[in-house]
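J.: build me a structure from this.
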Amino acid sequence: MMMAMGFSETIFLFFLALLIFGPKKLPEIARQVGKALNEFKRASNEFRSQIEAEISNLEVQERQEILPPAQPLPGAVATLPAKPEPAVTDPSVRPQVTPVEVPTSTVKALDA
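T.: Now for the predicted structure:
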């Protein structure tokens, strides 16, 4: 079974690499290893993001298949789309507001 390396094992591997490759080649090798690890990390993150995007696309498609758009019932009254209000370009123009009278019985019921 593979176990985590301790400090003493790391030091031993450093000295072994120093003896094998020499002090001039060791920094270059470390740079190459660092670049390779960085590239591997970038590729794995890209792969993971592609997988997550595909999974989310499949979930959206699955939801659309489970819940198709509702069809109106036969004999139901169709609703018309709301009439868009004209855009007001002059800020001094204000929309007309008509006051609504509330019956006193409703006011008494709300106070209670």
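J.: return the distance of residue 19 relative to residue 42.
T.: As judged by C-beta to C-beta, to the nearest Å, residue 19 and residue 42 stand 32 Å apart. Heads up, the C-betas are built off the backbone N, CA and C, glycines and all.
J.: how about residue 20?
T.: 29 Å.
J.: and residue 57, by the same measure?
T.: 23 Å.
J.: can you check residue 71 too?
T.: Distance of residue 71 to residue 42, given as C-beta to C-beta: 48 Å.
J.: the two - which one has more neighbours?
T.: residue 42 (10 against 7; other C-beta atoms under 10 Å).
J.: quick check: mean pLDDT across stretch 19-28?
T.: For stretch 19-28, the mean pLDDT works out to 89.
J.: can you get me the start-to-end distance on that stretch?
T.: One end of stretch 19-28 sits 15 Å from the other (C-alpha to C-alpha, to the nearest Å).
J.: who touches that stretch?
T.: Stretch 19-28 has contacts (C-beta atoms under 8 Å, 6 or more residues apart in numbering) with 17-18, 29.
J.: in that stretch, what's buried?
T.: For stretch 19-28, the neighbour count (16 or more other C-beta atoms under 10 Å) marks no residue as buried.
J.: do stretch 25-44 as well
T.: Buried positions in stretch 25-44, judged by neighbour count with 16+ other C-beta under 10 Å: none.
J.: in this protein, which spans are helices?
T.: Listed in chain order, the helices of the chain (DSSP state H) span 7-21, 26-66, 104-111.
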